[in-house]
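Q: fold the following and give me the result.
(one chain, ligands or ions: 1)
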Amino acid sequence: MVYKSAILVAAAGLLTVACGGENTETPKVAETDTACVATEDGKISVESAWVRAADASRPTTAAYFTLCNGGDSEDALIGAAVAGVATVELHETIEQEDGMAGMTPVSAIALPTGSPVALEHGGTHVMLIGLEEDLSPGSTVNMTLQFENAEPLEITAEVKDGMAHSGH
Ligand SMILES: [Cu+2]
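A: Coordinates of the predicted model:
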């Protein structure tokens, strides 16, 4: 374990940019330019976090981001909390029997090591239900992400205009 720790420390020193991909120093991530690389603490990092703008009269919206598990064991996103939002759920988009897109809550979103996991329009997302205030483009939202193994992660998501589309 001493040997392994030394390697991890060396890797953390080299790979200070999360989810970058320019780096070919580590064979594990060399095959794709979108692979996650280890963060300094070897844990989970978040990129491109945003929330679709909504006013409080329209009580739901969604948050999207890309997670990178830079640790050395699998993990999962199991929940999120957002200030000013009553209920936050993890959802995935599904095709319903009538062929329309619907969505259903999921208890966890798997985070394999070394591969980015994108929560995006038409896929998995964080559903914000019950807004206390308008979420206006240009403002930010603080979120806390909860993981099966890793410590909770505080992130800031930018509020942007999204597609005016019901099937998020
Ligand atoms: Cu949803």
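Q: return the residues in contact with Val106.
A: 90-92, 124 (C-beta atoms under 8 Å, 6 or more residues apart in numbering). Using the backbone N, CA and C atoms, a C-beta is placed for each residue, glycine as well.
Q: which residues of this structure lie near the ion?
A: Contact residues, the chain versus the ion (C-beta under 5 Å from the ion): 91, 103, 127.
Q: do a quick rundown of the helices in the protein.
A: Taking DSSP state H as the test, the helices found in the chain are 2-14.
Q: got any ranges where it has weak pLDDT?
A: 1-35, 38-42, 163-168 (pLDDT under 70).
Q: how about the strands in it?
A: Secondary structure of the chain (DSSP state E): strands located at 44-52, 60-69, 75-82, 85-95, 101-105, 109-111, 116-119, 125-131, 140-147, 153-160.
Q: now the ones you listed as JSON lines including mean neighbour count?
A: Shown next, in JSON lines, are these (neighbours: other C-beta atoms under 10 Å):
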{"stretch": "strand 44-52", "mean neighbour count": "20"}
{"stretch": "strand 60-69", "mean neighbour count": "22"}
{"stretch": "strand 75-82", "mean neighbour count": "19"}
{"stretch": "strand 85-95", "mean neighbour count": "16"}
{"stretch": "strand 101-105", "mean neighbour count": "13"}
{"stretch": "strand 109-111", "mean neighbour count": "19"}
{"stretch": "strand 116-119", "mean neighbour count": "19"}
{"stretch": "strand 125-131", "mean neighbour count": "20"}
{"stretch": "strand 140-147", "mean neighbour count": "18"}
{"stretch": "strand 153-160", "mean neighbour count": "16"}
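Q: in TSV, list these along with distance to Val37.
A: Output for the strands of the chain, formatted as TSV (distance: least, C-beta to C-beta, whole Å):
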stretch	distance to Val37
strand 44-52	9
strand 60-69	8
strand 75-82	16
strand 85-95	25
strand 101-105	31
strand 109-111	15
strand 116-119	10
strand 125-131	24
strand 140-147	18
strand 153-160	17
